[in-house]
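*Asks:* okay, here's the prediction I keep looking at, along with the sequence it came from:
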Amino acid sequence: MKTYLLAAGALCALGTNAALAHITLETQEAAVGSTYKAVLRVPHGCEGKATTAVRVQIPEGVIAVKPMPKPGWTLQTKKGRYEKSYQLYGETLATGVKEVDWSGGNLPDEFYDEFVFRASLAADLPAGQMLYFPVVQECGDATDRWIEIPAAGQDEDALETPAPGIKLLPKK
Amino acid sequence: MNAASLPSTAFVNGPRISRLLAALVLVAVLVLPGRAFAHAALVATDPADGAVLTQSPARFSLTFSEPVSPLVLTLVRPDGSQLALTSFRLKDQTVEIDNPETLKSGTHVLSWRVVSVDGHPVGGSALFSIGAPSAAPVAGEAVDWTLRAAIWAAKLFLYAGLFLGVGGAFALAWLADDRRCGQRFVASALLLGLVGAPVSLGLQGLDGLGAPLARFAAPTVWKTALETSFVWTVLIGLIALGLGLLSLAGPPSLRKLSASAALLGVGAALAASGHASAAEPLWLTRPLVFAHSAAIAFWVGALAPLGLALRQQPADARAFLGRFSRAILPVVAVLAASGIVLAIIQVRQPAALVHTAYGRLLLLKLALLLFLFTLAAVNRWTLTAPAKAGDTEVQRRMVRSIGIEMLIALAIFGVAAGWRFTPPPRALAIAAAQPVSIHIHTLKAMADLSITPGHAGEVAASMMIMTGDFGPLDAKQVTLVLSKPDSGIESIKRPATKPGDGTWRIDNLVIPLPGRWNARLDILVSDFEVVKIEAPIEIRSE
């Protein structure tokens, strides 16, 4: 614990505490019109409590979502209608996964884990901008919501609980 | 104070003059200007509130929802010193104000008080900074001492008229056989009162607007004064003074009647406004102020005619002295009893006698009263009997003593007139308990946040949440975050609960410091969406 605190202190001093404390995505850039493997990194529980559920909201333009099952966790998806329909490999997609829930697990605060899903980034997503995946982390009766999206011009580092996001790159 | 409830005191206590008063009050109500409901609202300021400018602006501007005329415009510099802004132009609904000096860097406050077409004054302030923001300057309490002195003097004149004049007329009509002694004195006092009453009213208007003495004749000043409860004091006071004059100079058949009506008028006039008459419970304080004032007028008013009669016609004055000394005991009992009850209502806690300006004035008044009562008691129980018996030496002593009593009474009037400037501890306690509220409005959400009481210490916060377009917002969770970055205190973050009346509440919240805090509301709109809105809130010191 002491070493952990020292390490945390050192990281704070280096100004990288944001990455340490928050739920983030492993791959932070992706081209529009490509397939993206999202790896949600969960570095700790909610104020010391073990994580029991991770829920992620799928933003508009992220289609054909397939989450990866996880031993010890119940995997569920919530499906719904997209705001518009998308073309993917000659098929028209108007509905799909809007939320992915991993629940019923137990990830103690001192351990680390990853939650994975695969998706297609629609070709008409605006390249050059950020795309955010709001995440709710539940730890029994406590909840941390990584759902803040910076307003235009706002510094992401100023947010207390930022949503994980990726930068959209131009289509390859 | 509302106008309709006022005359009832006069009716209860003065059946004989009720019809006359009723008629006059009716006339007064009919001629009073209708109350305006529309107020001018500030639409925009330049520089905008909270703006940071790179250089000192050449002018400021204030735009209102309707045309206004400025009463007082002040710029508070970062060091707290004030600069009166006197050069301005009106352009439709905008007031353009020239900036007479190059502003130094730091945060300034542009403070304004304007009066709209309806005659209603409104005020406010805008904060802006040159270069970079500094701590918001605290404007020193600017006291217009000339105006205060004028208010005090006019009030003293009014008291002289009501107590010495009307009281004197009553003594002459009811107690003295020969009205010549002291008649000139009483008439002069009445005239003083007739001057003091309207002047007091105008000064009240000036004070209400925070305007300087130079604007005494401005119509808005008088319009403002007419909307205060003090107008009733002046109106009834003028009637009482007029009845006093009638009793002196009118037909003998009306002497006693008009003197009695005038004395009741003194009580009604002073019960119509002022700190004591505004204290709850009104059914108790109003009659007490009435009795207290009428008793003062009876006692103090009789002193001058009695003293002058004893000096000039000692033989004839004996009957006067006899009647006065028979009546004075119950009158002083009423005076003391009503005074004690009123003081208890106003001061509440003995400690406030020392800690507040109001309490200290009361102590001073009590000290003077002690002296006055001692003199009066000596007169009553030691000197009255031999004086009535015709002992000329004792009569001379009594005249001197009455002279001193009058001087003390005047000093007490002076102290009482000073209460005009000191809110009683009762009112201070009410003011301290007032909440402080802010309205935060953004496109996504808006909120009304109230913190009760609005001072540092243990408080409760209450929040009303709505969407940006005034629709209902069924938030899943609301969290209040109070921060004060300049204090070095960690921000205070507390989730609110929903008591079920449509509001969100936080009880047992402790705000450790007074000053300008930043209040942020984190509104969880849905599982994955939070809206954060924030605004500064001014917390008073305890």
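*Replies:* Received it, and whenever you're ready, just let me know what you need.
*Asks:* for the chain, what are the low-confidence residue spans?
*Replies:* Unless you meant another one, I'm taking chain A. For chain A, applying pLDDT under 70 flags the ranges A:1-20.
*Asks:* you looked at the wrong chain, it should be chain B
*Replies:* Residues of chain B that meet the cut-off, pLDDT under 70, sit at B:1-41, B:116-122, B:135-143, B:178-179, B:542.
*Asks:* tell me the residues of it that contact chain A?
*Replies:* Residues of chain B lying close to chain A by CB under 8 Å from any CB of the partner chain are B:L524, B:D527, B:F528, B:E529, B:V530, B:K532. For every residue, glycine as well, the C-beta is placed using N, CA and C.
*Asks:* find the nearest non-adjacent residue to the last one, please.
*Replies:* Closest residue to B:K532 in three dimensions, ignoring its sequence neighbours and counting by CB to CB, 6 or more residues apart in numbering or on different chains: B:D522, at 5.2 Å.
*Asks:* point out the ones among the residues of chain B next to chain A that are inside strands.
*Replies:* Counting by DSSP state E, the residues of chain B next to chain A place B:L524, B:E529, B:V530, B:K532 in strands.
*Asks:* correct me if wrong: the first one contacts B:V530.
*Replies:* Read it as B:L524. Yes: between B:L524 and B:V530 there is a contact at 5.3 Å, judged by CB atoms under 8 Å.
*Asks:* pick out whichever of the two has more residues nearby.
*Replies:* Comparing B:L524 with B:V530 by other CB atoms under 10 Å in any protein chain shown, the one with more neighbours is B:V530, at 21 against 18.
*Asks:* hang on, the earlier thing: my read is the residue nearest to B:K532 is in a helix, agree?
*Replies:* No: counting by DSSP: H, G, I helix; E, B strand; the rest coil, B:D522 is not part of a helix but strand.
*Asks:* dig out what it forms beta bridges with.
*Replies:* According to DSSP bridges, B:T479, B:K532 are recorded as the beta-bridge partners of B:D522.
*Asks:* what's the closest of the residues of chain B next to chain A to chain A?
*Replies:* Top of the list for closeness to chain A, among these and by CB to the nearest CB, is B:F528 at 4.0 Å.
*Asks:* what is the neighbour count of the closest one?
*Replies:* The number of residues near B:F528, taken as other CB under 10 Å, comes to 21.
*Asks:* now it: how far from A:I58?
*Replies:* In this view, B:F528 and A:I58 are 10 Å apart by CB to CB, to the nearest Å.
*Asks:* coming back round to it: what do B:L524 and B:V530 both touch?
*Replies:* Common contacts of B:L524 and B:V530 (CB atoms under 8 Å, 6 or more residues apart in numbering or on different chains): A:R145.
*Asks:* and the gap between the residue nearest to B:K532 and B:R348?
*Replies:* The separation that B:D522 has from B:R348, given CB to CB, amounts to 41 Å.
*Asks:* again, but for A:Q137
*Replies:* On the measure of CB to CB, A:Q137 and B:R348 end up 53 Å apart.
*Asks:* correct me if wrong, but B:L71 is in a strand.
*Replies:* Yes: according to three-state DSSP, B:L71 belongs to a strand.
*Asks:* isn't it right next to B:T220, touching?
*Replies:* Yes: in this structure, B:L71 is within contact of B:T220 by CB under 8 Å, at 7.5 Å.
*Asks:* the two: which is more packed in?
*Replies:* Taking other CB under 10 Å, B:L71 and B:T220 do not tie; B:L71 has more neighbours (22 against 18).
*Asks:* can I assume B:A217 sits in a strand?
*Replies:* No: the assignment for B:A217, made by three-state DSSP, is coil rather than a strand.
*Asks:* now it. Its backbone dihedrals?
*Replies:* Backbone torsions for B:A217, taken as degrees, to the nearest 10, come to phi -90, psi 0.
*Asks:* and it, how many neighbours?
*Replies:* B:A217 has 8 nearby residues by other CB under 10 Å.
*Asks:* from A:G104, how far out is it?
*Replies:* From B:A217 to A:G104 the distance is 82 Å (CB to CB).
*Asks:* again with A:T27
*Replies:* A:T27 is 27 Å from A:G104, by CB to CB.
*Asks:* A:V54 too?
*Replies:* A:V54 is 11 Å from A:G104, by CB to CB.
*Asks:* who touches the residue nearest to B:K532 in this structure?
*Replies:* If you count contacts by CB under 8 Å, 6+ apart, then B:D522 has B:Q477, B:V478, B:T479, B:V481, B:V530, B:V531, B:K532 around it.
*Asks:* is the residue of the stretch 1-150 of chain B found nearest chain A within a helix or a strand, and which one?
*Replies:* Chain A sits closest to B:V52 of the stretch 1-150 of chain B, with a gap of 16.1 Å, by CB to the nearest CB. Per DSSP states H and E, B:V52 falls inside strand B:51-53.
*Asks:* and the contacts of the lengthiest strand in chain A?
*Replies:* Ranked by residue count under DSSP E, the longest strand found in chain A is strand A:91-107. Strand A:91-107 is contacted from outside by A:42, A:45, A:50-58, A:63-67, A:70, A:72-82, A:84-87, A:113, A:115, A:117, A:138, using CB under 8 Å, 6+ apart.
*Asks:* now do the buried residues in that strand.
*Replies:* Neighbour-count burial for strand A:91-107 flags A:L93, A:G96, A:V97, A:K98, A:E99, A:V100, A:D101, A:W102, A:G105, A:L107 (criterion: 16 or more other CB atoms under 10 Å in any protein chain shown).
*Asks:* mind listing what the helix or strand just after that strand pairs with, with the direction of each?
*Replies:* As assigned by DSSP H and E, the chain's next helix or strand after strand A:91-107 is strand A:113-121. Sheet pairing of strand A:113-121 (DSSP bridges) gives strand A:35-42 (antiparallel), strand A:62-67 (antiparallel).
*Asks:* and strand A:113-121 with strand A:91-107, angle?
*Replies:* 170 degrees (axes from the mean of the first three to the mean of the last three CA atoms, to 10 degrees).
*Asks:* would JSON lines of the residues of chain B next to chain A with distance to B:S491 be doable?
*Replies:* JSON lines is the format used below for the residues of chain B next to chain A (distance: CB to CB, whole Å):
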{"residue": "B:L524", "distance to B:S491": "18"}
{"residue": "B:D527", "distance to B:S491": "25"}
{"residue": "B:F528", "distance to B:S491": "24"}
{"residue": "B:E529", "distance to B:S491": "22"}
{"residue": "B:V530", "distance to B:S491": "16"}
{"residue": "B:K532", "distance to B:S491": "13"}
